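Trainee: Below: sequence and its predicted model.
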Amino acid sequence: MTENPMKKLFTVFFAVVILATAGYAQWPSDPNVNLAIADTAGEQDLPKSVTCPDGSTFISWFDNRGGGYAVYMQLLNADGVKQWANNGLLISNNPQNSSLVDYDLTCDAQNNAIVVFTDTRSGDLDVFAYKISPAGQFLWGANGVALSTGTGYEANPTVAATSDGYAVIAWIYAVNPYKVYMQKLDATGNKMWGATPKIYNSATEGYNNPIVVPSDNGSVIVVHKVTTGNFPAQTVKLAAQKFNSAGDPTLGTGGVWIQSLGKVMAFTAQFVAPDGAGGAVIAWHDDRNSINLQSAWVQRIRADGTLAFPANGSEAATTASIHKWNPVAGKYTGSDDVVVFWRYTNSDQNQEGLAAQKFNAFGTRQWTDNGVTLTPMSNANNVTGYDMATTHDAAYFVYNRGNSVGLDNTIQGMFLNSS
């Protein structure tokens with residue numbers, strides 16, 4: 001996965017909630033009458049959403065209404081009105097594996113969607129990019145742009161719309177040692193970094209799970225895992241590299257360490273979000289003290305590659321004897337403070353709750369060392385997905401809560417001011 005899997009399940013609902021709070025009258029106000037994006041036959045999986053500068057929202061998902069998985073999208077205007085046919089616009093029904101990998105969706109400054117995903121149309125898993133206009137036009141052709149045609153396993157593409165009007169895509173090339181492949185496309189879909197992808201790699205370490213966010217002057221920041229050894233004895237760390245508009249790394253060999261101690265979970269993706277100032281906020285969990293307890297950590301990297309928080313991150317809470325999992329974080333738009341939410345469990349992982357913390361600009365905890373309890377730990381909680389967003393001085397947090405057997409789930413939300 002390219003992003004925290006707890007977050008992925010929830011992006012579509014969250015876009016609806018945030019827009020509804022802005023006072024648009026078209027959004028349903030009754031929690032029993034929600035806005036259905038796709039209510040057709042089959043499964044609709046891995047939904048994602050992105051809100052554009054004009055307030056419209058693109059939604060994408062995988063759909064097997066026709067048997068195999070296909071990619072569909074829908075566009076909602078700022079009032080929550082569907083702009084395309086009911087149950088969405090078919091983007092691609094090219095051959096697809098039955099086991100899906102992650103993909104990504106963003107919006108450019110002209111309110112076009114850019115969606116990047118993998119399929120097997122060429123015989124193995126390759127990466128493709130599509131650009132879709134608000135009118136539903138396929139701006140990069142009916143079959144998109146093929147970003148890779150190699151025989152290795154390529155997965156989990158992520159995309160950033162750059163400040164100068166391009167799109168940069170990064171993905172995994174899973175041939176040991178793993179590598180990061182990258183490509184840049186102009187507004188019409190031309191490849192700017194050559195016919196074949198740029199390769200960012202190490203001779204002695206594997207680079208995995210790249211997540212790309214826009215930075216300044218057409219550059220991007222890529223946050224990725226660094227692995228040595230073989231499963232189950234891997235050493236997993238986190239690093240970041242900045243690439244200029246020509247695709248050259250600018251932070252030195254290996255980039256900047258986000259977490260250099262190891263013990264990062266190998267199969268849980270880090271969370272990465274733009275900080276709105278050309279940098280990124282990163283959140284993850286690890287067991288750096290080798291005590292069989294995971295704890296949540298946060299770091300912010302500035303546009304110039306310096307770290308705002310202490311080396312190896314700031315711990316979300318110091319509460320003893322509990323796991324702190326799957327943190328999601330963001331910077332308030334009106335300050336350099338950062339808020340983080342996470343799921344916590346007892347050591348046996350049969351009880352769980354939700355908590356939050358605020359950091360100042362230097363990574364110092366502001367809501368006591370234990371954070372704020374949002375829901376108390378209980379065996380009645382079963383949180384299967386959550387998401388967050390920040391405003392000038394507040395944060396929204398929404399989550400999918402079920403019971404111990406996973407039935408009768410409810411969608412719940414909270415609003416936290418910055419104090």
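Mentor: Nice, I can see it. The structure presented is a predicted model; accordingly, all values stated were derived computationally and were not measured.

Trainee: what's near enough to touch D286?
Mentor: Shown in contact with D286 (CB atoms under 8 Å, 6 or more residues apart in numbering): Q259, L261, G262, K263, V264, M265, Q294, S295, W297. To be clear about C-beta, it is placed using only N, CA and C from the backbone, and glycine gets the same treatment.

Trainee: same check, this time on T120
Mentor: Contact partners of T120, counting by CB under 8 Å, 6+ apart, are N94, P95, Q96, N97, D126.

Trainee: and which of the contacts of D286 is nearest L35?
Mentor: Nearest to L35 among the contacts of D286 is M265, at 34.5 Å by CB to CB.

Trainee: how about the closest one, what does it touch?
Mentor: So M265 contacts V236, W284, H285, D286, Q294 (CB under 8 Å, 6+ apart).

Trainee: Double-check that T268 belongs to a strand.
Mentor: No. T268: not assigned to a strand; according to DSSP: H, G, I helix; E, B strand; the rest coil it is coil.

Trainee: I'd like the distance between it and D286.
Mentor: Using CB to CB, to the nearest Å, we find T268 at a distance of 10 Å from D286.

Trainee: thinking again about what came up before, would CSV of the contacts of D286 with secondary structure and pLDDT be doable?
Mentor: Converted to CSV, the contacts of D286 look like this (DSSP: H, G, I helix; E, B strand; the rest coil; pLDDT from 0 to 100):
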residue, secondary structure, pLDDT
Q259, strand, 99
L261, coil, 98
G262, coil, 98
K263, coil, 97
V264, strand, 98
M265, coil, 94
Q294, coil, 98
S295, strand, 99
W297, strand, 99
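
Trainee: Next up, identify which helix or strand M182 is on.
Mentor: Element membership for M182, per DSSP states H and E: strand 179-185.

Trainee: Could you name the helices and strands sitting against that strand?
Mentor: Using 3 or more CB pairs under 8 Å, 6 or more residues apart in numbering; DSSP states H and E, the elements in contact with strand 179-185 are strand 167-173, strand 198-200, strand 206-214, strand 220-228.

Trainee: redo that, cut-off 6 Å
Mentor: Judged by 3 or more CB pairs under 6 Å, 6 or more residues apart in numbering; DSSP states H and E, strand 179-185 is in contact with strand 167-173, strand 198-200, strand 206-214.

Trainee: highest average neighbour count across these?
Mentor: Most buried of the helices and strands packed on strand 179-185 by mean neighbour count (mean count of other CB atoms under 10 Å) is strand 167-173; its value is a mean of 28.

Trainee: what angle sits between that strand and strand 206-214?
Mentor: Relative orientation of strand 167-173 versus strand 206-214 (axes from the mean of the first three to the mean of the last three CA atoms, to 10 degrees): 170 degrees.

Trainee: helices or strands next to strand 167-173 in the packing?
Mentor: strand 154-161, strand 179-185, strand 206-214.

Trainee: Just the mean pLDDT for the last one, thanks.
Mentor: Model confidence over strand 206-214 averages 98 on the pLDDT scale.

Trainee: Neighbouring strands of that strand in the sheet, and parallel or not?
Mentor: strand 220-228 (antiparallel) (DSSP bridges).

Trainee: what's the following helix or strand after the partner strand?
Mentor: Going down the chain from strand 220-228, the next helix or strand is strand 235-243, by DSSP H and E.
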